[in-house]
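Colleague: Fold the following.
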Amino acid sequence: MSKCHVCVVEDANKFGVQKAHIIQHFRYCLSDNKANGVNIIDGKVWIYSSAESLSKLFTYFKRSSITRWLKELEDVGFFESANYNKKGYDRTKWYTIPSEFTITQNEQWNNTINQNEQGFSNNQLLASNTITQNEQCSLENEQPIQYISKYTNNNIINEREENNVFNIENAPSKKNKCTSTRKSKLKPFPEDFHLTDKLRAYAIKNGIEDPDLLYEQLKNYCASTGKQYKCYPSTYQSWVLREKNKNSSRRTNYDKKPNSTDNKDWYYNKACDELQRIYESGGADIP
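Modeller: Numbers count the residues shown, from 1 in each chain. Here you go, the predicted model:
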């Protein structure tokens, strides 16, 4: 569908055809805002527009030309501009034609009355629709809602409201719920937890010479401290890895010779490792 742009002959004779098209567009938008009671500020009807948006509407005009024409119409006083934008960085101008769209007090009063009447009619329509829906729902139900009143302390309490009362004291706390859920997952050392062949092989693979001794250490630790875990097979594997890291770091420290001879611990640990190696070899390495 083709678009048609029109202008007023008097505007074209006075300001030129190009400016007359912009004037007529502003006049149409201002009339629409005035009829709907929109953008009426300081006793005038306003529209906000920019040269960029107008260039998209009037594709046969250059943006720079539109900017120049708007300024020229402001300079002669035909257009009046202002800035009523809520955001400070928004520099979009608001325009009005003060000679045609200045609102009098009577017109403002009439617009206020019309808006109030329109809002009142909308509220009536909404209320009537709500009543109609409620009536339809009550007809669809097989049993109507019964209200049984109780007399307690000389006050009439509706039974339905009494049943729907939300007791804040008995309401579950979200924080307590999360804490109780987390604690419920923890459990003491189970009596039926014993080392399986899989766990024992896992410990030996990671350098644990006595997996049963590490198992007893974990059991005694839980009994003495009251420490609880969620999954004890996984906890045992974590202990295995911790012992592995300790042994590796200990060997690294032993292999690194100290700078001074005052470090007796290094020599002592080195001698213990050597005696352990000789003991495991059955004395075959003794010269």
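Colleague: just checking, what packs against whichever helix or strand residue 273 is part of?
Modeller: Using DSSP states H and E, residue 273 maps to helix 264-280. Using 3 or more Cβ pairs under 8 Å, 6 or more residues apart in numbering; DSSP states H and E, the elements in contact with helix 264-280 are helix 232-255. To be clear about C-beta, it is placed using only N, CA and C from the backbone, and glycine gets the same treatment.
Colleague: pLDDT averaged over the helix it packs on, what's the number?
Modeller: The predicted model assigns helix 232-255 a mean pLDDT of 78.
Colleague: List the buried residues of that helix.
Modeller: Neighbour-count burial for helix 232-255 flags 232, 235-236, 239-240, 243 (criterion: 16 or more other Cβ atoms under 10 Å).
Colleague: between the residues you listed, which is nearest residue 11?
Modeller: Nearest to residue 11 out of these is residue 235 (Cβ to Cβ; 87.7 Å).
Colleague: now the residue lying closest to the closest one once chain neighbours are set aside: how far from residue 202?
Modeller: By the measure of Cβ to Cβ, 6 or more residues apart in numbering, the closest residue to residue 235 outside its immediate chain neighbours is residue 229, 4.5 Å from it. According to Cβ to Cβ, to the nearest Å, residue 229 stands 17 Å off from residue 202.
Colleague: thinking again about what came up before, what is the nearest of the buried residues of helix 232-255 to residue 78?
Modeller: Nearest to residue 78 among those: residue 235, at 84.8 Å, using Cβ to Cβ.
Colleague: Residue 228 is in contact with the closest one, correct?
Modeller: No - contact between residue 235 and residue 228 fails when scored by Cβ atoms under 8 Å: they sit 9.8 Å apart.
Colleague: Okay, now the unreliable bits of the stretch 1-150 of the chain?
Modeller: Applying pLDDT under 70 to the stretch 1-150 of the chain picks out residues 1-2, 105-150.
Colleague: let's see 80
Modeller: Where the stretch 1-150 of the chain drops to pLDDT under 80, the residues are 1-3, 103-150.
Colleague: could you pull out the strands for it?
Modeller: Ranges of strands in the stretch 1-150 of the chain, per DSSP state E, counting those that start in this stretch, are 40-41, 44-45, 47-49, 80-82, 93-96, 149-152.
Colleague: Turn these into TSV, columns for distance to residue 7 and mean neighbour count.
Modeller: Formatted as TSV, the strands of the stretch 1-150 of the chain follow (distance: least, Cβ to Cβ, whole Å; neighbours: other Cβ atoms under 10 Å):
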stretch	distance to residue 7	mean neighbour count
strand 40-41	26	15
strand 44-45	20	21
strand 47-49	17	19
strand 80-82	20	15
strand 93-96	17	20
strand 149-152	74	9
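Colleague: Reformat these as CSV; add distance to residue 247.
Modeller: Shown next, in CSV, are the strands of the stretch 1-150 of the chain (distance: least, Cβ to Cβ, whole Å):
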stretch, distance to residue 247
strand 40-41, 81
strand 44-45, 86
strand 47-49, 76
strand 80-82, 80
strand 93-96, 77
strand 149-152, 75
